[in-house]
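> Predicted model follows, preceded by the sequence.
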Amino acid sequence: MPHRLDDIARAIGAAFAGDGALEVTGVAEPAGAGPSDLAMALKPEFAAQLGAGQARAAVMWDGADWAALGLQGAILPRRPRHAMAGVSRLFDPGQHFADGIHPSAVIEPTAELGTDVHVGPLSVIGPRARIEAGTVIGPQVFVGADAQIGPGGFLREQVSIGARARIGARVHLQPGVRIGGDGFSFVTPEVSGVEAVRASLGDQGDTAAQAYVRIHSLGAVSIGDDVEIGANSTIDNGTVRDTIVGDRTKIDNLVQIGHNVILGEDCLICAHAAIAGSARIGNHVVLGGKAGVSDNIVLGDRVIVGGGSIVLSNVPAGRALLGYPATKMDAQIESYKALRRLPRLMRDVAALQKAVFKRGDSD
């Protein structure tokens, strides 16, 4: 449905200019925007593309000369990309899951569902599970025995919540999220070759080949409020205590979080990142795509780990890391630069050696 320009600006707390009564029905990139679209011209290089489209209104930046670009109106937020969060919320059409309890859903008699809970087709709610008010359970979702899901949650299709998991308020889980699988915990009857190598950082000695025995996961998973988890990400149960994810943390697609991990508040974990068992991650930590964190180590608050980096030791608060093994980002970049210069340096050394030997022969 259409939105007036001034209503959009008011809803996201931004200034507007021009025709506030102008109505738009969708959002588009500048070059592809039609006359009823709100163009996302968030910076000058995007605004330069407005001429290729037909937009009459755009989200721009504070001080932008919108009239010179032929627009009839503009929204001018202080921080344009943050404004995009509000605009996208207004125009999100949603998933159109049906209200109520679908006839094909299987809900154990001992499960508790709060007011206005919706359960989609072929979903299963286990015994003594508790789902609080306003939560939406999509199609083919599994909620295990004694699991708890707070109010206002949104579980997309094929999400799986294991037994005893505790999920906070307003948690958003994308398709295929798996919470509460068993941790990857196995042990051998005697010291294994892996343990020997880890202790010696060398040869595994005369350790014998042995079969691995499962250590059962007695803990569960505890997730705070306002957490979002991307498609096909997995969080394992703790061995004795729960694996923990703090409030407002955002996890991308295809992320693995191992058993006993403690992940702090307001963290950002990008796609393909992996956190090994019993690692402790502070608050406001960012892990770039494909970053890895070794087991049993500690990352302090506000640590930033660049994409593809592997962290093998404890990291103090506030540090930015890059590389494998991960070291301070500025030092790692200097090392990369030196590595690129290495072939030229070797040629120079070879030329110097040749000149020295030639001079020695002439003497």
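All right, it came through fine. Numbers count the residues shown, from 1 in each chain.
> Where does pLDDT dip in this protein?
When residues are selected by pLDDT under 70, those of the chain lie in 359-363.
> Domain parsing of it, as residue ranges.
3-91, 186-216 (automatic domain parsing).
> quick one, which of those domains is packed in tightest?
Most buried of the domains of the chain by mean neighbour count (mean count of other Cβ atoms under 10 Å) is domain 3-91; its value is a mean of 18. In short, each C-beta sits where N, CA and C put it, glycine included.
> In this structure, which helix is the longest?
Secondary structure of the chain per DSSP state H: the longest helix is helix 329-362.
> before we move on, the earlier item: in a markdown table: the domains of the chain, plus distance to Gly292.
Listed next are those as a markdown table, based on distance: least, Cβ to Cβ, whole Å:
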| stretch | distance to Gly292 |
| --- | --- |
| domain 3-91 | 28 |
| domain 186-216 | 17 |
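> of those, which approaches Glu228 most closely?
Nearest of the domains of the chain to Glu228, taken as Cβ to Cβ: domain 3-91 at 12.5 Å.
> and that closest one, how far from the chain's centre?
Computed by Cα atoms, centre = their mean, to the nearest Å, the chain-centroid distance of domain 3-91 equals 28 Å.
> Helices of the stretch 101-250 of the chain, residue ranges please.
With helices called from DSSP state H, counting those that start in this stretch, the stretch 101-250 of the chain shows them at 193-200.
> picking that back up, what comes up buried for the longest helix of the chain?
329, 332 (16 or more other Cβ atoms under 10 Å).
> for stretch 286-304, same thing?
286-294, 297-304.
> about what we covered before: select, out of the domains of the chain, the one closest to Ile235.
The nearest among the domains of the chain, by Cβ to Cβ, is domain 186-216 at 17.2 Å.
> ok, the residue lying closest to Gly258 once chain neighbours are set aside - contacts?
Excluding the flanking residues, the one nearest Gly258 by Cβ to Cβ, 6 or more residues apart in numbering is Gly277, at 3.9 Å. By Cβ atoms under 8 Å, 6 or more residues apart in numbering, the residues touching Gly277 are 183-185, 236, 258-261, 295-296.
> Run through the neighbouring helices and strands of the longest helix of the chain.
With contacts taken as 3 or more Cβ pairs under 8 Å, 6 or more residues apart in numbering; DSSP states H and E, helix 329-362 sits against strand 320-322.
> Could you measure from Ser185 over to Gln204?
21 Å (Cβ to Cβ, to the nearest Å).
> again but with Gln256, I slipped
26 Å.
> same check, this time on Val255
Distance of Val255 to Gln204, given as Cβ to Cβ: 31 Å.
> Which strand or helix spans the nearest residue to Phe91 once chain neighbours are set aside?
Nearest residue to Phe91, sequence neighbours excluded (Cβ to Cβ, 6+ apart): Val27, at 5.1 Å. Val27 belongs to strand 26-28 when assigned by DSSP states H and E.
> Parallel or antiparallel, which strands does the helix or strand that comes right after that strand pair with?
As assigned by DSSP H and E, the chain's next helix or strand after strand 26-28 is strand 37-40. Sheet pairing here is set by DSSP bridges, and for strand 37-40 it gives strand 26-28 (parallel), strand 57-59 (parallel).
> What's the local residue count around His172?
17 (other Cβ atoms under 10 Å).
> quick one: it and Ala338, what's the gap?
His172 is 44 Å from Ala338, by Cβ to Cβ.
> Quick check: Phe97 touching Val119?
No. Using Cβ atoms under 8 Å, Phe97 is not in contact with Val119, being 9.5 Å away.
> Compare the two and say which is more crowded by neighbours.
A direct count of neighbours by other Cβ under 10 Å for Phe97 and Val119 places Val119 higher, at 28 against 18.
> Okay, and the beta partners of the more buried one?
Going by DSSP bridges, Val119 forms beta bridges with Ile101, Ile137.
> got a list of what it touches?
Applying Cβ under 8 Å, 6+ apart, the residues contacting Val119 are 100-102, 105, 107, 113, 125, 137, 141.
> hmm, 6 Å instead?
For Val119, the contact set (Cβ atoms under 6 Å, 6 or more residues apart in numbering) comprises 101, 105, 137.
> Compare the residues you listed and tell me which is most surrounded.
Ile137 (30 neighbours).
> Ala129 versus that one, what's the distance?
As judged by Cβ to Cβ, Ile137 and Ala129 stand 10 Å apart.
> ok, now Val293?
32 Å.
> And Glu195, by the same measure?
On the measure of Cβ to Cβ, Glu195 and Ala129 end up 39 Å apart.
> Send me stretch 148-155 as CSV with only the CA atoms.
Provided in CSV are the C-alpha atoms of stretch 148-155 (Å, rounded to 0.1, in the frame of the first residue of the first chain):
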residue,chain,number,x,y,z
GLN,A,148,11.0,-22.3,25.7
ILE,A,149,10.5,-19.5,23.2
GLY,A,150,9.9,-15.9,24.3
PRO,A,151,7.3,-13.5,23.0
GLY,A,152,7.3,-12.0,19.6
GLY,A,153,9.5,-14.6,18.0
PHE,A,154,9.6,-15.4,14.3
LEU,A,155,10.7,-18.9,13.2
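> Which one, of the strands paired with strand 37-40, ends up nearest to Gly162?
It's strand 26-28; of those, that one is closest to Gly162 (Cβ to Cβ) at 37.4 Å.
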